[in-house]
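Student: My questions are about this predicted structure, shown below with the sequence.
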Amino acid sequence: MAASTKKRAANMEEIAQALGVSIATVSRALNDQPGVSTDMRRRVLELSEQLNYAPHGVARGLATTQTHTIAILTVDRALPLSSDYFYQRIMLGAQQALAERGYFLLVNALRPEELADLTSLRLIKERRVDGVLLAGPEIPSRQILALRSLKIPVVLIDNSLKQTAVDCVVSEDEQGGYTAAHHLVEHGHQQIVVLTGPLAWPSNQSRYDGYRRAILEHGLELLECHENETTIDSGFRAMQTALAQHPQLTAVFAVNDSMAIGAMRALREQGRSIPVDVAVIGFDDVEWARHTEPPLTTVKVYKRQIGALAAQRMLQLIENGDQAPVRSSVGTRLIVRESCGCWQRASELPLPNSL
């Protein structure tokens, strides 16, 4: 009987021994952590593929045929996907682009235990998909790199890694945050609070950075309230904190529309009129932003275009995987409605040319 030619999956200890480095160095490289040189990070990632590395001993599939199916994985946010308009629109954009090429899109909202080990998902282990779109900033870096080690095409959506180059499609969040804060300053506001989620999430950090740049450019004080999520409830809590700490504030920039809507609720409960007493700007321009009372001024993210670009990049990787990672960025636009108090002056303002 002929011996099996299937390669055994290596572990971190074997990779470390082969490279003459510590297991900690290998771990940092495989988890997109700092403290590893660019050259060593490249060598670890390349060797992990050559030696068939997979976390927890997960075996590689030996798929030889295409399924013409792409998975899009996002985090279960305790809302049906039909209610999560931000990612729903991204998915529609991806689905349309894939359908034009004869591919199907498989949607999966990940539970916490699934998020902790993406390589153990049945669709991954059994190679039921040709590639994976990972949507959202909550997906751990380790899991992203673990999928890539299995030589499955991966494209990030609304997320990126700090230390490792990975294909991704994002919006111009820093520019959008700057435009929102700059708009408020231009209209006379000097006490502008920002409501954010975790700054470990790239989009949150970038939107906060844009706010920070605009505020410091005008010599104003940074007023900020951070929460561990970006929901209506966290926006409500953050606004309550902001009012307690900065009762004279006159404007709010929230890093997404959910937090902005929660902030508007907190303002109303404390007798603050919007926009007479406090102006409010959100980010994303989700479906229900125009239906708030008053309608919400927000930074528009072109969600369908993001989904389409991610799908197109995925098809390129499937056809020719030996390519340098590409970071694609989609512009944003300030949509002026009633919540900021100046909606009668313009319906839409483009981003400043100087950005």
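Tutor: That came in fine, so what should we check first? Numbers count the residues shown, from 1 in each chain.

Student: Return the distance of the spatially most central residue of the chain relative to residue 168.
Tutor: Nearest to the mean C-alpha position of the chain, counting by C-alpha atoms, centre = their mean, stands residue 158 at 2.8 Å. Going from residue 158 to residue 168 by C-beta to C-beta, to the nearest Å gives 9 Å. Just so you know, the C-beta spots here come from the backbone N, C-alpha and C atoms, and that holds for glycine as well.

Student: The helix or strand harbouring residue 205: which residues count as buried?
Tutor: For residue 205, the host element (DSSP states H and E) is helix 202-217. With burial defined by 16 or more other C-beta atoms under 10 Å, the residues of helix 202-217 counted as buried are 202-215.

Student: For burial, what's the neighbour tally of residue 263?
Tutor: 31 (other C-beta atoms under 10 Å).

Student: One more: residue 109?
Tutor: When neighbours are counted by other C-beta under 10 Å, residue 109 comes out with 18.

Student: Against which helices or strands is the helix or strand where residue 236 lies packed?
Tutor: Assigned by DSSP H and E, residue 236 belongs to helix 232-245. Packing partners of helix 232-245 (3 or more C-beta pairs under 8 Å, 6 or more residues apart in numbering; DSSP states H and E): strand 192-196, strand 223-226, strand 251-254, helix 257-269.

Student: now the ones you listed in CSV, with distance to residue 42 and mean pLDDT?
Tutor: CSV is the format used below for the helices and strands packed on helix 232-245 (distance: least, C-beta to C-beta, whole Å; pLDDT from 0 to 100):
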stretch, distance to residue 42, mean pLDDT
strand 192-196, 33, 98
strand 223-226, 34, 97
strand 251-254, 39, 98
helix 257-269, 38, 96
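
Student: The ones you listed: which one's closest to residue 308?
Tutor: helix 257-269 (21.6 Å; C-beta to C-beta).

Student: Could you tell me the angle between the closest one and helix 232-245?
Tutor: Orientation note: helix 257-269 sits at an angle of 50 degrees relative to helix 232-245 (axes from the mean of the first three to the mean of the last three C-alpha atoms, to 10 degrees).

Student: CA atoms of helix 257-269 as CSV?
Tutor: C-alpha atoms of helix 257-269 as CSV (Å, rounded to 0.1, in the frame of the first residue of the first chain):
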residue,chain,number,x,y,z
ASP,A,257,-25.5,56.4,13.7
SER,A,258,-26.6,54.0,16.4
MET,A,259,-24.7,55.9,19.0
ALA,A,260,-26.0,59.2,17.6
ILE,A,261,-29.6,58.0,17.9
GLY,A,262,-28.9,56.8,21.5
ALA,A,263,-27.4,60.2,22.2
MET,A,264,-30.5,62.0,20.8
ARG,A,265,-32.7,60.0,23.1
ALA,A,266,-30.6,60.9,26.2
LEU,A,267,-30.6,64.6,25.2
ARG,A,268,-34.4,64.6,24.9
GLU,A,269,-34.8,62.9,28.3
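
Student: From the contact counts, what lies against that helix?
Tutor: strand 192-196, helix 232-245, strand 251-254, strand 279-284.

Student: ok, now with 10 Å
Tutor: helix 85-99, strand 192-196, helix 232-245, strand 251-254, strand 279-284, strand 297-301 (3 or more C-beta pairs under 10 Å, 6 or more residues apart in numbering; DSSP states H and E).

Student: Would you state the strands of this structure in chain order?
Tutor: Assigned by DSSP state E, the chain shows strands spanning 69-75, 104-110, 131-135, 154-157, 168-171, 192-196, 223-226, 251-254, 279-284, 297-301, 327-330, 332-335, 348-349.

Student: Pick the most deeply packed of the helices and strands packed on helix 232-245.
Tutor: strand 251-254 (a mean of 31; mean count of other C-beta atoms under 10 Å).

Student: need the helices for the stretch 1-150 of the chain, in chain order.
Tutor: Secondary structure of the stretch 1-150 of the chain by DSSP state H, counting those that start in this stretch: the helices cover 12-19, 23-30, 38-50, 85-99, 112-115, 122-125, 141-149.

Student: Check the residue lying closest to residue 197 once chain neighbours are set aside and give its pLDDT.
Tutor: Computed as C-beta to C-beta, 6 or more residues apart in numbering, the closest residue to residue 197 that is not its neighbour in sequence is residue 230, at 3.7 Å. pLDDT for residue 230: 93.

Student: Show me where the stretch 51-200 of the chain dips below the pLDDT cut-off.
Tutor: Within the stretch 51-200 of the chain, the stretches with pLDDT under 70 are 52, 54-65, 77-84.

Student: rerun at 50
Tutor: 56-64, 81-83 (pLDDT under 50).

Student: check contacts around residue 341.
Tutor: The contact partners of residue 341, by C-beta atoms under 10 Å, 6 or more residues apart in numbering, come to 184, 187-189, 250-251, 274-280, 294, 297.

Student: Residue 69 against residue 123, yeah?
Tutor: Yes. Using C-beta atoms under 10 Å, residue 69 is in contact with residue 123, at 8.6 Å.

Student: what residues do the two have in common as contacts?
Tutor: 106, 129.

Student: okay, stretch 138-151 in CSV with CA atoms only?
Tutor: The C-alpha trace of stretch 138-151 is given here as CSV (Å, rounded to 0.1, in the frame of the first residue of the first chain):
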residue,chain,number,x,y,z
GLU,A,138,-14.6,42.6,16.0
ILE,A,139,-13.0,39.6,14.3
PRO,A,140,-9.7,38.8,16.1
SER,A,141,-6.4,39.3,14.2
ARG,A,142,-5.3,35.8,15.2
GLN,A,143,-8.4,34.2,13.5
ILE,A,144,-7.8,36.3,10.3
LEU,A,145,-4.2,35.1,10.0
ALA,A,146,-5.2,31.5,10.9
LEU,A,147,-7.6,31.5,7.9
ARG,A,148,-4.9,32.9,5.6
SER,A,149,-2.5,30.2,6.8
LEU,A,150,-4.9,27.7,5.3
LYS,A,151,-4.4,29.3,1.9
